[in-house]
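J.: turn this into a model:
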Amino acid sequence: MSSLMDPPKDDTYRSIGYALKRAQQALRGHLDTQLRDVGLTMPQYSVLAGLEVSAGMSNADLARRAFVTPQTMQAIIVTLEKAGLIERMAHPENGRIRQTELTPAGRSALKAAHEIVADAEVLARAAVAPSDPEIIYAALLRIADAMR
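T.: The predicted model follows:
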């Protein structure tokens, strides 16, 4: 059995990768359950949040932001449009390009979803470093950078 100081050789379940994946899945499951109350999934929330920051963002950019394929993003866009949370219109200078923007209903759903996500963030920070939440944020970003 490996210690936390040594890389695991015989116990995959004591690895940082396994722990990160468990935490990610727990966070995702928690958010999916909570977001269901406002009629959204986590990828749908990610799309709405992306459009809030940058209206008209391309489907490819939205897909990267939501960690889904472009094909999956197309299905998400169609679902959000049918639900009245976004609207797509032709670009004023190039009719082949479709711009996507939030509707008032989308902004309302997003506001409720932001509260749910913020509550989950508080839970996660409190579980790791309640007195200094920057510690976990910085550590996770260093791991991401080291893997590139």
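J.: grab the most central residue of the protein for me.
T.: residue 46 (4.8 Å; C-alpha atoms, centre = their mean).
J.: and it, how far from residue 127?
T.: Distance from residue 46 to residue 127, counting by C-beta to C-beta, to the nearest Å: 22 Å. (Each C-beta comes from the backbone N, C-alpha and C, glycine too.)
J.: in this protein, which spans are strands?
T.: 86-90, 98-102 (DSSP state E).
J.: among the ones you listed, single out whichever gets nearest to residue 50.
T.: Nearest of the strands of the chain to residue 50, taken as C-beta to C-beta: strand 98-102 at 9.4 Å.
J.: name the residues of the closest one that are buried.
T.: Of all the residues in strand 98-102, those buried under the rule 16 or more other C-beta atoms under 10 Å are 99, 100, 102.
J.: same list (these) but as a markdown table, adding pLDDT.
T.: A markdown table is the format used below for the buried residues of strand 98-102 (pLDDT from 0 to 100):
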| residue | pLDDT |
| --- | --- |
| 99 | 83 |
| 100 | 88 |
| 102 | 95 |
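J.: which of these lies closest to residue 62?
T.: Nearest member of those to residue 62, counting by C-beta to C-beta, is residue 100, at 7.7 Å.
J.: does that closest one have beta-bridge partners, and which?
T.: residue 88 (DSSP bridges).
J.: from residue 141, how far off is it?
T.: In terms of C-beta to C-beta, residue 100 sits 29 Å off from residue 141.
J.: residues contacting residue 143?
T.: Listed by C-beta atoms under 8 Å, 6 or more residues apart in numbering, the contact partners of residue 143 are 16, 20.
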